[in-house]
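Trainee: A structural model of the following input is requested.
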Amino acid sequence: MKAQARTQKATQPKTQFVVINEQQVLVNQEVQKAYNLIVDAATEQLRKFDLAKYRTYATVDHVKNEYKSNMISEHLNYFWNITLSNSKDGRSFIFIDLGGEALERFGSGLTNIFLRKAYEITQSHDNTGGIEYALRINFKEADQHHNFFYRRVAEGENNYVSIATVDKLES
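Mentor: Have a look, this model is predicted:
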């Protein structure tokens, strides 16, 4: 009987679902809006470049991916990887991974402009905590960032990955 009870206990199904309160749902919606605005700002920065390679980006809709994870959406380009994901407790976060090669090749000006915009978007304007907590900046080695970006582009589009190139900004 004890062995049977242990077996039943060990095989109980596990779930990734987390119950969050209504307030957190509203906050997560604000983080989602901020993510979309940050991706728009990143995409706009790409329009400055002559070469299509620097104006190309991939969008990953992780919700449609059969390998479920805590990630929701991802925007990858030559310069940055911007990810919207949920923590185990159900809070949404925006991660911006900076690629080292882009900083070395183009300097920090482009990234500084982009990060200023990202911080502006997530900044509280009413002296509350708002969603400032949700923005996280990480530095990735050039190989890690670019290999991931180029692999996504080379593998092409599928049911959860889209690839696009923005038009060059006319001077």
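Trainee: CA only for contacts and neighbour counts going forward, please
Mentor: Will do.
Trainee: buried ones in stretch 41-49?
Mentor: Within stretch 41-49, the residues scored as buried using 16 or more other CA atoms under 10 Å are 41-48.
Trainee: same deal with stretch 110-125?
Mentor: Residues of stretch 110-125 classed as buried by neighbour count (16+ other CA under 10 Å): 110-111, 114-115, 117-118, 121-123.
Trainee: now the two most distant members of these.
Mentor: Greatest spacing in the buried residues of stretch 110-125, by CA to CA: Leu110 and Gln123 (20.1 Å).
Trainee: pLDDT value on Asp148, please?
Mentor: Heads up, residue 148 is Phe, not Asp. We have a pLDDT of 79 for Phe148.
Trainee: what about it, distance to Phe139?
Mentor: When CA to CA, to the nearest Å is applied, the distance between Phe148 and Phe139 equals 14 Å.
Trainee: the two: which is more packed in?
Mentor: When Phe148 is set against Phe139 and neighbours are counted by other CA atoms under 10 Å, the residue ahead is Phe148, at 15 against 12.
Trainee: elements contacting the host helix or strand of that one?
Mentor: In this structure, Phe148 is located in helix 142-155 according to DSSP states H and E. With contacts taken as 3 or more CA pairs under 8 Å, 6 or more residues apart in numbering; DSSP states H and E, helix 142-155 sits against strand 56-61, strand 92-99, helix 100-106.
Trainee: and after it, which helix or strand comes next?
Mentor: According to DSSP H and E, the helix or strand after helix 142-155 is strand 161-165.
Trainee: how about the CA coordinates for that following strand, as CSV?
Mentor: Listed in CSV are the C-alpha atoms of strand 161-165, where the atom choice follows Å, rounded to 0.1, in the frame of the first residue of the first chain:
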residue,chain,number,x,y,z
VAL,A,161,8.5,33.1,-36.5
SER,A,162,8.1,36.1,-38.8
ILE,A,163,10.9,37.8,-40.6
ALA,A,164,10.8,41.3,-42.1
THR,A,165,13.0,44.1,-43.3
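Trainee: now the angle between helix 142-155 and it, please.
Mentor: When axes from the mean of the first three to the mean of the last three CA atoms, to 10 degrees is applied, the directions of strand 161-165 and helix 142-155 differ by 100 degrees.
Trainee: thanks a lot, catch you later.
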